[in-house]
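Enquirer: Show me how the following folds:
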Amino acid sequence: MLTLWQKIVSVTTLPIAIVYRLIMPRAKWLVVSADITRWTSWKGLGDNLQGFSHLLGNYPEFRSLFYKRIGLLRLLSSWWLKGKTTLEITTRDIGGGLLIQHGFSTIVSAERIGKNCKIYQQVTIGYNHDLKAPVIGENVEICCGAKVIGGITVGDNVLVGANAVVVTDVPPNSVVAGVPARVIRKLDHTRDLTA
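Expert: Numbers count the residues shown, from 1 in each chain. Coordinates of the predicted model:
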């Protein structure tokens, strides 16, 4: 249930959402649209312009991701609608449907991130001392406090447990946990992170 304040903010950001939708190139919009679909589904909102407006107005984590996606177009509203100040996203190649829960004290510096990934708070995805960054597959969920470091590959459909430290490749369809992280379970089906 939306609070009165959230409804007011959503209404005031609706014109901004409309402008972005109208001027954004189609290829960019398709990726942003996948993000909007994941976020509105997660928050129980309509997957429409009003849901987009609500996300822009009420979730700085979404705004940070959105501004990363749109580049210079962010100047239209970033002076008023600030992103999450403790969320740093430097990855250039991010598949659609990325969901960042909270985004507090989170660094996302991967070589590439696949579609439909979910990243929780206090996660570090970044470079090792050789200045190599990880490649994150599709449908990967990285739980709070986890660290994914170096030139490794995290396969598709992986769950990285809370506070895990991942410094070696992770095979697809698995759950990893611990310090250093190791596979604790193989999954015999594809994980569905779309919800």
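
Enquirer: I'd guessed Ala34 sits against Gly114; true?
Expert: No - counting by Cβ atoms under 8 Å, Ala34 does not reach Gly114; the two are 11.6 Å apart. All C-beta atoms are positioned from the backbone trio N, CA, C, and that covers glycine.

Enquirer: list the residues that contact both of those two?
Expert: Common contact partners of Ala34 and Gly114 (Cβ atoms under 8 Å, 6 or more residues apart in numbering): Gly95.

Enquirer: Could you list which residues are in contact with Leu30?
Expert: So Leu30 contacts Gly96 (Cβ under 8 Å, 6+ apart).

Enquirer: Distance check, it against Gly96.
Expert: 7 Å (Cβ to Cβ, to the nearest Å).

Enquirer: Any stretches of the protein with poor pLDDT?
Expert: 1, 189-195 (pLDDT under 70).

Enquirer: Ala34 and Gly114: which is more packed in?
Expert: More neighbours surround Gly114 than the other of Ala34 and Gly114, with 22 against 17 (other Cβ atoms under 10 Å).

Enquirer: That one reaches Pro134, doesn't it?
Expert: No - contact criterion Cβ under 8 Å: Gly114 and Pro134 do not qualify, at 11.6 Å.

Enquirer: since we're on Tyr71, how many residues are nearby?
Expert: Quick fix: residue 71 is Gly, not Tyr. 9.

Enquirer: nope, Asp188 is what I meant
Expert: Count around Asp188 with other Cβ under 10 Å applied: 6.

Enquirer: tell me the SS of it?
Expert: Here Asp188 is coil, with the state taken from DSSP: H, G, I helix; E, B strand; the rest coil.

Enquirer: any idea how far it lies from Thr168?
Expert: 22 Å.

Enquirer: Using PDB, list the CA coordinates for stretch 40-50.
Expert: Only the C-alpha atoms of stretch 40-50 are listed here, as PDB (Å, rounded to 0.1, in the frame of the first residue of the first chain):
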ATOM      1  CA  THR A  40       7.500  -2.900 -10.300                       C
ATOM      2  CA  SER A  41       6.900  -6.600  -9.900                       C
ATOM      3  CA  TRP A  42       9.000  -6.700  -6.800                       C
ATOM      4  CA  LYS A  43       7.300  -3.600  -5.300                       C
ATOM      5  CA  GLY A  44       3.800  -4.700  -6.400                       C
ATOM      6  CA  LEU A  45       3.300  -1.800  -8.700                       C
ATOM      7  CA  GLY A  46       1.800  -1.600 -12.200                       C
ATOM      8  CA  ASP A  47       4.400  -2.200 -15.000                       C
ATOM      9  CA  ASN A  48       3.500   1.100 -16.700                       C
ATOM     10  CA  LEU A  49       4.400   4.800 -16.900                       C
ATOM     11  CA  GLN A  50       2.900   5.300 -13.400                       C
END
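
Enquirer: Need the contact partners of that stretch.
Expert: Taking Cβ under 8 Å, 6+ apart as the rule, stretch 40-50 contacts 10, 14, 17-18, 21, 36-37, 39, 51-52, 54-55, 59, 99, 194-195.
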